[in-house]
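[1] Return a 3D structure for these sequence lines:
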Amino acid sequence: MNPPASAAGGQEAGKPEGATFGVDAPMVPLVLGGTALLLVIIGIVLMITNGLVAGLVAVIFGLFFGLCVFSYLYTTLYGKFVWWSDLLDDAGLRGNEYAVDLGCGRGAVLVSLAKRLTRGRVSGIDLWRSRDQSGNDIEATKHNARACCVEDRVELNTGNITTLPYDDGQFDLVVSSLAIHNLKAREDRRQAITEAVRVLEPGGKIIIADISYVEDYADWLTEAGMESVTLQDLGVRGWWGGPWMPTSAVTATRPGRSSARA
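    Got it, this is the predicted structure:
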């Protein structure tokens with residue numbers, strides 16, 4: 001018998017070796033970093049030209065923005081791997097589930113899931129937009145799956161998470177990481193949640209981590225009849241620049257008995 005997923009999953013904290021997953025919303029740290037550098041330069045110039053107080057204020061603000069960059073990069077390059085490892089450990093996976101990652105990007109969660117599902121499979125779907133994640137491309141995701149030796153358990157699709165190309169009740173687990181908030185229209189976000197519930201089999205679980213609209217997700221899951229709907233803050237590792245932009249996770253279970261998979 002395979003060891004429980006929680007036992008194996010504890011070893012997955014941190015970024016998987018041999019793969020590169022890019023930076024989420026790469027323009028954000030670039031803008032923050034550029035602002036930090038500009039303020040420091042202005043501050044130094046002001047101090048040289050006898051504007052000591054104004055110069056110090058500019059430098060202090062520049063250092064503040066520099067700390068925001070550090071926080072952002074820490075979360076996107078390390079922190080998210082830690083809290084996703086914890087979330088997947090808590091899911092109590094058996095290892096034979098069929099899972100789907102909505103907005104999988106370059107595969108950070110996809111690969112972590114595939115490593116746990118030694119007798120299962122993971123499907124990933126994305127529109128592969130580089131503004132959402134640097135270097136976001138289906139070939140990059142395939143490379144990461146190969147690098148982590150899980151390509152035989154991974155399948156990838158191009159598509160919109162509001163119209164999933166999957167059957168009703170096809171999956172034991174639905175996950176989504178920092179993707180649904182990218183849908184600008186409220187009805188599109190609600191439709192993504194509706195689709196997530198539709199493709200989930202009775203007894204299956206949903207885990208969504210996001211920076212916005214998480215209260216809406218929880219409400220819509222409850223309205224869809226999901227049980228054990230919980231909302232939790234993921235702490236300092238989920239700060240995208242600072243505590244004003246935290247990450248939260250919504251988890252829920254679909255009522256009914258899960259079918260046994262061979």
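
[2] So residue 95 lies in a strand, does it not?
    No: looking at residue 95 with DSSP: H, G, I helix; E, B strand; the rest coil, it is coil, so not inside a strand.

[3] So what's the residue count around it?
    15 (other C-beta atoms under 10 Å). C-beta: built from backbone N, CA, C; applies to glycine.

[4] now residue 92
    11.

[5] next one: the one 5 residues further on
    Number of residues near residue 97 (other C-beta under 10 Å) recorded here: 23.

[6] Please name the bridge partners of the residue nearest the centre of the chain.
    Nearest to the geometric centre of the chain sits residue 177, at 2.5 Å (C-alpha atoms, centre = their mean). Applying DSSP bridges to residue 177 yields these beta-bridge partners: residue 209.

[7] what's near enough to touch it?
    80, 84, 101, 103, 105, 108-109, 208-210 (C-beta atoms under 8 Å, 6 or more residues apart in numbering).

[8] ok, it to residue 207 distance?
    Distance, residue 177 to residue 207, by C-beta to C-beta, to the nearest Å: 9 Å.

[9] So in the protein, where's the weakest helix or strand by average pLDDT?
    helix 5-9 (a mean of 37; mean pLDDT, DSSP states H and E).

[10] quick one: contacts of the very next helix or strand once past that one?
    Per DSSP states H and E, the first helix or strand lying C-terminal to helix 5-9 is helix 27-48. For helix 27-48, the surrounding residues in contact (C-beta under 8 Å, 6+ apart) are 23, 52, 54-66, 68-69, 72-73, 76, 131, 240-241.

[11] And stretch 148-156, by the same measure?
    With C-beta under 8 Å, 6+ apart as the criterion, stretch 148-156 contacts 16-19, 104, 107, 110-111, 114-115, 117-118, 120-126, 138, 141-142, 145.

[12] Among these, which lie within helices?
    110-111, 114-115, 138, 141-142, 145 (DSSP state H).

[13] And these, which two are furthest apart?
    The most widely separated members of the ones in helices among the contacts of stretch 148-156, counting by C-beta to C-beta, are 115 and 138 (19.9 Å).

[14] Torsion angles phi and psi at residue 26?
    Main-chain dihedrals, residue 26, degrees, to the nearest 10: phi -60, psi -20.

[15] Hmm, it is touching residue 132, no?
    No: contact status for residue 26 versus residue 132: not in contact, 9.1 Å apart, counting by C-beta atoms under 8 Å.

[16] Relative to residue 182, how far out is the nearest residue to residue 133 once chain neighbours are set aside?
    Leaving aside its sequence neighbours, residue 133 sits nearest to residue 105 (C-beta to C-beta, 6 or more residues apart in numbering; 4.5 Å). In this view, residue 105 and residue 182 are 11 Å apart by C-beta to C-beta.

[17] Between these two, point out the one with more neighbours.
    A count of neighbours by other C-beta under 10 Å puts residue 105 above the other of residue 105 and residue 182, at 28 against 18.

[18] Quick one: residues contacting the more buried one.
    Contacts of residue 105 by C-beta under 8 Å, 6+ apart are 21-22, 24, 126, 132-133, 136, 141, 177, 179.

[19] for residue 73, same thing?
    23, 29.

[20] The stretch 151-262 of the chain: helices as residue ranges?
    Per DSSP state H, counting those that start in this stretch, the stretch 151-262 of the chain carries helices over the ranges 186-198, 214-223.

[21] Figure out which of those is closest to residue 88.
    helix 186-198 (16.6 Å).

[22] Mind giving me the packing neighbours of that closest one?
    With contacts taken as 3 or more C-beta pairs under 8 Å, 6 or more residues apart in numbering; DSSP states H and E, helix 186-198 sits against strand 171-177, strand 200-210, helix 214-223.
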